[in-house]
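1. just a sequence and a predicted model for now, questions to come.
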Amino acid sequence: MFFSIVVKKKIKNSIIKLSLLVAKTMRWNGPQKIYFPNNTLKKVVNYVEGEIHGESVEYFQNKTIREKINFKNNKKEGQAYTYYQNGKIESSSYFNDDKLDGIIKYFYPNGNIWKEIVYNRGIIQGEYVIYHKNGKIAETYLFLNNLREGPARFYKSDGNLFKEEMYADNVLNGEVKYFYPNGELKSSINYKDGLKNGPTRAYYYTGSLKEDKEHINDKVEGVVKTFYKSGTLKGEWNYESDKPNGECKFYYETGELLGIKNFNAGKDHGSTKVYYKNGVIKEELNFNDGVKEGIHLVFDSNGKVRKKIDHSTNTPETPIPNINSDNPIRMENEKSQLKIVRMVKTFPWKIIIASSLLIIVMYYLVLYFWG
């Protein structure tokens, strides 16, 4: 014997209307309808003998479908869809015994594919692909038992590869590569158990080596070398615990020594010297824990002092002597000549010429009228 009842009650500001076919066992049969507070239909769930069975449909408030899922004996089974409010598909999935199975697809609101994920009975297994909005591949991964395993690749929206990673048990392991738009290698970093370990190298767009260094447990250690585009050595840095430490040298592109700096735990400490290409010292100063101290000297290309600053007393820098300061007479002559040239350039010659012409004209006028 079956009879029909309708039950209404409020749960969390929603009105639930139940239209049920109830058997003597009191197990639900038929559709259960859930409504928004404005009395528009929100969800329809079908029951058979008290278990969810058949298609379950959920709606937006604008009455368009939000989700469609099939059930069998209270478990999700078969094809399922979610939708955007504009009616386009948001995701397409398949369930087997209440677990995701097969290729699961997600879409952008414009309808283009966003993600493709392969599941095997609820576990991500195989290729995982993410797409740009324009439809081109953005990222690819390989999964094993829900963990990233093997190569992962990353692409720009124009389709160019810009990064490659290697994973083991969902952790970076192996070489990570970055690429320029032309496909040339930009840099390579080695990882072990998620930390940078081993050589790290950076390259110019042309392919020549730009920087060469070593990581140990995510910190730069040892000698770091930098290079010019031509391939010649640019600098040699000494690192300890990811910071410059000790003496570091720098070179002109033609190979001559450019300068020497000393560091302590990443801060300038000790002597710093800069050289001209001819080997003559250009500048010399000292640091103490990152702060300039003592006498700071600047030299000309002949090795003569041009500037002197006392950082210990904050004394203003001395005037820069003329390059001919070793010959005072010549220096004064040059100054005098410079003054004469300036006077010649600035003297009002146009006014003198005009005045002279005016005097001559007046002279002849006087002779004409006075005979």
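-> Arrived safely, thanks for sending. Numbering: from 1, shown residues only.
2. SS state for N134?
-> The three-state label given to N134 by DSSP: H, G, I helix; E, B strand; the rest coil is coil.
3. how about it: what's its closest non-neighbour residue?
-> S157 (5.8 Å; C-beta to C-beta, 6 or more residues apart in numbering). (C-beta placed from N, C-alpha, C; glycine too.)
4. hang on, E240 packs against E221?
-> Yes. Using C-beta atoms under 8 Å, E240 is in contact with E221, at 6.7 Å.
5. domain parsing of this protein, as residue ranges.
-> As assigned by automatic domain parsing, the chain contains the domains 1-87, 336-371.
6. where among those is the average confidence lowest?
-> Note on the domains of the chain: lowest mean pLDDT is at domain 336-371, with a mean of 54.
7. how about the contacts made by F107?
-> By C-beta atoms under 8 Å, 6 or more residues apart in numbering, the residues touching F107 are 88-92, 113-114.
8. cutoff 7 Å now
-> 88-91, 113-114 (C-beta atoms under 7 Å, 6 or more residues apart in numbering).
9. likewise Y59?
-> By C-beta under 7 Å, 6+ apart, the contact set of Y59 is 41-43, 65-66.
10. which secondary structure element contains S93?
-> Assigned by DSSP states H and E, S93 belongs to strand 89-96.
11. next one: M166
-> Secondary structure assignment for M166, by DSSP H and E: strand 161-168.
12. re the thing from before, of the contacts of Y59, which belong to strands?
-> Using DSSP state E, 41-43, 65-66 are the members of the contacts of Y59 that sit in strands.
13. now these as JSON lines including distance to E165 and neighbour count?
-> Compiled in JSON lines, these are given as follows (distance: C-beta to C-beta, whole Å; neighbours: other C-beta atoms under 10 Å):
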{"residue": "L41", "distance to E165": "47", "neighbour count": "15"}
{"residue": "K42", "distance to E165": "43", "neighbour count": "20"}
{"residue": "K43", "distance to E165": "42", "neighbour count": "18"}
{"residue": "I65", "distance to E165": "39", "neighbour count": "14"}
{"residue": "R66", "distance to E165": "36", "neighbour count": "18"}
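14. from the contacts of Y59, which single one is nearest I123?
-> R66 (26.8 Å; C-beta to C-beta).
15. the residue nearest to the closest one when sequence neighbours are not counted: neighbouring residues, count only.
-> Leaving aside its sequence neighbours, R66 sits nearest to E58 (C-beta to C-beta, 6+ apart; 4.6 Å). Around E58 sit 17 other residues, with neighbours defined as other C-beta atoms under 10 Å.
16. paired strands for the one helix or strand E58 maps to, with orientation please.
-> Element membership of E58 [criterion: DSSP H and E] is strand 54-59. Strand 54-59 sits in its sheet next to strand 41-48 (antiparallel), strand 65-72 (antiparallel), going by DSSP bridges.
17. tabulate those strands (TSV), appending distance to L185.
-> What follows is the strands paired with strand 54-59, written out as TSV (distance: least, C-beta to C-beta, whole Å):
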stretch	distance to L185
strand 41-48	54
strand 65-72	46
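18. what's the nearest residue to T272 once chain neighbours are set aside in contact with, if anything?
-> Distances taken as C-beta to C-beta, 6+ apart put K261 closest to T272, at 4.9 Å, once the chain neighbours are dropped. When contacts are counted by C-beta under 7 Å, 6+ apart, K261 touches 248, 268, 272.
19. tell me which helix or strand K261 sits in.
-> Per DSSP H and E: strand 257-264 holds K261.
20. each with direction, which strands does that strand pair with?
-> strand 246-251 (antiparallel), strand 267-268 (antiparallel), strand 270-275 (antiparallel).
21. distance to D169 for those strands - can I get that in TSV?
-> Output for the strands paired with strand 257-264, formatted as TSV (distance: least, C-beta to C-beta, whole Å):
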stretch	distance to D169
strand 246-251	38
strand 267-268	39
strand 270-275	46
